[in-house]
Structure formats: C-alpha cells, structure tokens
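[1] with the sequence up front, the predicted model follows.
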Amino acid sequence: MERARLTPFRREQATTRICKVSSFATELLEIRSKEPSSLHVLLIAGNPGIAAFYKDFVEALYENLGGQASITAIGHISHCQKGSTHGRLFSIYEQIDHKVDFIEQELQHSEQSIVLVNFRLHHY
C-alpha cells in the first residue's frame with residue numbers, strides 16, 4: 001500500500017519595500033490580495049516600530065482572511081535602517097502625521113475600505 005505524500009503548505013510571503021513618506025524613508029511590509037478586494041488592513045507598528053517585526057502576523061492575518069484583503073504594515077519614522085534622520089527624535093504627533101500622510105499618498109484614491117490596526121505593547 002502506497003502512502004499519500006503530503007505537500008507542505010506554502011504560506012503567502014509578505015514583501016518589504018521602502019517608500020518616501022513625509023520626505024522620510026519608510027519601511028512597509030505588504031501582501032496584496034490577488035483578487036480585487038474591498039478591504040485594506042493598515043497595521044501601524046507598535047514598539048519596536050519596525051514593520052518587519054510583524055511579518056508572521058501579517059502573513060497569518062492574510063491567510064485567516066482567505067487572501068481577500070490587502071495588508072500593509074508601516075513602520076515609524078527613523079525606525080528604518082534605510083533612512084537617515086541623524087539621530088533626530090520624533091514626537092507622537094509627528095508619527096501620527098506621518099501615518100496620515102501615508103494614507104493620503106498611498107491609499108486615498110483606493111476604492112477599498114481601510115481597517116486601521118494600531119499595535120501598542122504594554123510593559124508591566
């Protein structure tokens with residue numbers, strides 16, 4: 001009797017890209033729906049503010065949504081190795097403005113509804 005061979009499930013991979021937002025290099029981690037979708041999930045990184053930190057979460061969320069939504073994780077200004085902010089610190093208000101600028105630049109003209117997810121880690 002021949003045993004059936006199981007092929008390993010290949011999870012869809014998120015890709016990283018760097019774009020300019022508010023004149024700063026910004027790290028994005030993305031998975032785009034292969035089918036036209038009505039939903040785009042935008043994840044705003046918490047601590048450590050690096051989009052790549054959420055790779056497993058982005059891929060699992062995409063899978064759990066059946067590939068029916070595009071997902072983007074955005075990092076914070078100066079939390080990207082490609083950017084050069086010369087050690088400048090940014091206020092929470094500047095970080096918020098940065099995310100609003102991203103939505104206006106990249107998602108404003110989309111027909112998709114946007115679901116905003118903001119990660120915040122608590123330290124006890």
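    Everything's here; your move.
[2] bridged to the residue nearest the centre of the chain, which residues?
    Note on the chain: the residue nearest the mean C-alpha position is residue 73, at 1.0 Å, using CA atoms, centre = their mean. Assessed by DSSP bridges, residue 73 has beta-bridge partners residue 29, residue 43.
[3] can you pull out the strands in this structure?
    Using DSSP state E, the strands of the chain run over 15-21, 24-31, 39-44, 70-74, 113-118.
[4] of these, which is nearest residue 104?
    Closest to residue 104 of the strands of the chain is strand 15-21 (CB to CB; 9.5 Å). For the C-beta atoms, the positions are set from N, CA and C on the backbone; glycine is no exception.
[5] which strands and helices sit next to the closest one?
    Judged by 3 or more CB pairs under 8 Å, 6 or more residues apart in numbering; DSSP states H and E, the packing partners of strand 15-21 are strand 24-31, helix 92-102.
[6] quick one: the first one to helix 92-102, angle?
    Orientation check (axes from the mean of the first three to the mean of the last three CA atoms, to 10 degrees): strand 24-31 against helix 92-102 gives 60 degrees.
[7] for strand 24-31, what is the average pLDDT?
    For strand 24-31, mean pLDDT is 93.
[8] from the contact counts, what lies against it?
    If contacts are counted by 3+ CB pairs under 8 Å, 6+ apart, strand 24-31 sits against strand 15-21, helix 55-64, strand 70-74, helix 92-102.
[9] now swap in the longest one and tell me
    Helix 92-102 sits against strand 15-21, strand 24-31, with contacts defined as 3+ CB pairs under 8 Å, 6+ apart.
[10] among those strands, which is the most enclosed?
    Comparing those by mean neighbour count (mean count of other CB atoms under 10 Å), strand 24-31 ranks first with a mean of 21.
[11] so who does residue 68 touch?
    The neighbourhood of residue 68, defined by CB atoms under 8 Å, 6 or more residues apart in numbering, consists of 33, 35, 37, 39.
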